[in-house]
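Undergrad: How does the following fold in three dimensions:
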Amino acid sequence: MLQQWKNLSVTLGAVMCGALLTGVVMSWPQRLNQQARAEARVALSAEAEENLKHAEGLSAAFRNVSDSLRPSVVSISAEATPRLASGQGSLPPELRRQLPPWLGDDLLRQFEGQQGGAPRPQQGGRGSGVVIRADGYLLTNNHVVEGAETLKVQLSDGRKLDAKVIGTDPATDLAVLKVDATGLQAAVLGDSEAVQVGDWVVAIGSPFGLDQTVTAGIISGKHRVQGIVGGGNGFEDFLQTDAAINPGNSGGPLVNLQGQVIGINTAIASRTGGNAGVGFAIPSNLASSIMDAILKDGRVQRGRLGALIQDLT
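TA: Predicted coordinates for the structure are as follows:
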């Protein structure tokens, strides 16, 4: 009888051990999977945290560039001379062409005014510019100021000042202005040749009159020629960018993440007149040489070929 109890105890013990071992073996893969998932979550969390740090670092870079450059960016308002409307009281174009050249425009305007010609509303335009010297010198596009009778510049601190044109260069679409101010924060011109396709850039200006607007993008291309400057006969070597550029951005700076101006925003390629992600900026190296020439001589002097070309007969 005692022997039977011993045999039963051994059998029960063996069964219990087997069941325990089976449970351990069967649950082991599940535990391994749970551990693997936990480790994956930890790894994913670390990767996400690292990515977040990179994103925060990029945001900080954009913020630093914006804070450092906005005091150097101005808004420019240009107003053109009012002209008489064509119509009743105006001389017909065919008659105008027959008049002698010595008959001045002032006399014509006086005559047309007496005949009831109505003045057109004063035309105006807006653009942007960048401070290049602390004593009030600014760089912008020629097309922003071309034909303007009066120019008003609004500084980043809200002051509005009259500006005068020091010199322009239609062949590169650049102009230098002067305002009566000192102690301005001048921007630093960088090396546009060092810019690479894919580099982050920031555009600052006054699109649609929204002063101190900041947009970001990358350099999409270099050495672009579009045939849009100087009636198609200008000197073009544009930087292309997808940073949003709209009407009013013209003349404002394109800036790298080091806070250096590497271009002057000039034009966009668009079928609607709004931003389509294809903008063009005059490279800073070209802008710097034109600026220096204007500051020195008031204009840009270029050599011409002293020869007359004609067909042989």
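Undergrad: pLDDT weak spots in the stretch 51-200 of the chain?
TA: The model of the stretch 51-200 of the chain has pLDDT under 70 over residues 81-124.
Undergrad: can you give me the helices for it?
TA: Ranges of helices in the stretch 51-200 of the chain, per DSSP state H, counting those that start in this stretch, are 93-98, 105-114, 142-145.
Undergrad: looking at this, His223 is in a strand?
TA: Yes. Membership of His223 in a strand is supported by DSSP: H, G, I helix; E, B strand; the rest coil.
Undergrad: Correct me if wrong: Leu138 contacts Val179.
TA: Yes. Counting by C-beta atoms under 8 Å, Leu138 does reach Val179; the two are 6.8 Å apart. For the C-beta atoms, the positions are set from N, CA and C on the backbone; glycine is no exception.
Undergrad: Between these two, tell me which one has more neighbours.
TA: Leu138 (28 against 23; other C-beta atoms under 10 Å).
Undergrad: Contact partners for the more buried one?
TA: Listed by C-beta atoms under 8 Å, 6 or more residues apart in numbering, the contact partners of Leu138 are Val74, Ile76, Gly129, Val130, Val131, Ile132, Val153, Ala163, Val176, Leu177, Lys178, Val179.
Undergrad: which strand residues sit across from the first one in the sheet?
TA: Spelled out, it's Val74. Gly129 (DSSP bridges).
Undergrad: and Glu151, how many residues sit next to it?
TA: Small correction: residue 151 is Leu, not Glu. 24.
Undergrad: for Glu236, same thing?
TA: Other residues near Glu236 come to 22 when the count uses other C-beta under 10 Å.
Undergrad: try the one 3 residues further on
TA: Applying other C-beta under 10 Å, we find 27 other residues in the vicinity of Leu239.
Undergrad: hang on, it is in a strand, isn't it?
TA: Yes. With three-state DSSP as the criterion, Leu239 is part of a strand.
Undergrad: That one and Ser250, how far apart?
TA: 15 Å (C-beta to C-beta, to the nearest Å).
Undergrad: Thr213 too?
TA: The gap separating Thr213 from Ser250 is 13 Å, by C-beta to C-beta.
Undergrad: any common contacting residues for these two?
TA: Gly205.
Undergrad: okay, the two: which has more neighbours?
TA: For the pair Thr213 and Ser250, the greater number of neighbours falls to Ser250 (27 against 20), based on other C-beta under 10 Å.
Undergrad: residues contacting the more buried one?
TA: Listed by C-beta under 8 Å, 6+ apart, the contact partners of Ser250 are Gly127, Ser128, Thr140, Asn141, His143, Val144, Gly205, Asn265, Thr266, Ala267.
Undergrad: If we ignore the residues flanking it in sequence, what's nearest the first one?
TA: The one in question is Gly127. Val144 (3.3 Å; C-beta to C-beta, 6 or more residues apart in numbering).
Undergrad: burial count for that neighbour?
TA: For Val144, the count of nearby residues is 24 (other C-beta under 10 Å).
Undergrad: pretty sure it contacts Val130?
TA: No. Val144 is beyond contact range of Val130, at 11.8 Å (criterion: C-beta under 8 Å).
Undergrad: Mutual contacts of these two, please.
TA: Counting by C-beta under 8 Å, 6+ apart, the shared contacts of Val144 and Val130 are Gly251.
Undergrad: in the sheet, who's paired with the nearest residue to Ser77 once chain neighbours are set aside?
TA: In space, Ser77 comes closest to Lys152 once its chain neighbours are excluded; the distance is 4.4 Å by C-beta to C-beta, 6+ apart. On the basis of DSSP bridges, Lys152 is bridged to Ser77, Asp162.
Undergrad: And the pLDDT at Phe280?
TA: Phe280 carries a pLDDT value of 95.
Undergrad: Pretty sure it sits against Asp242.
TA: No. Using C-beta under 8 Å, Phe280 makes no contact with Asp242, being 11.2 Å away.
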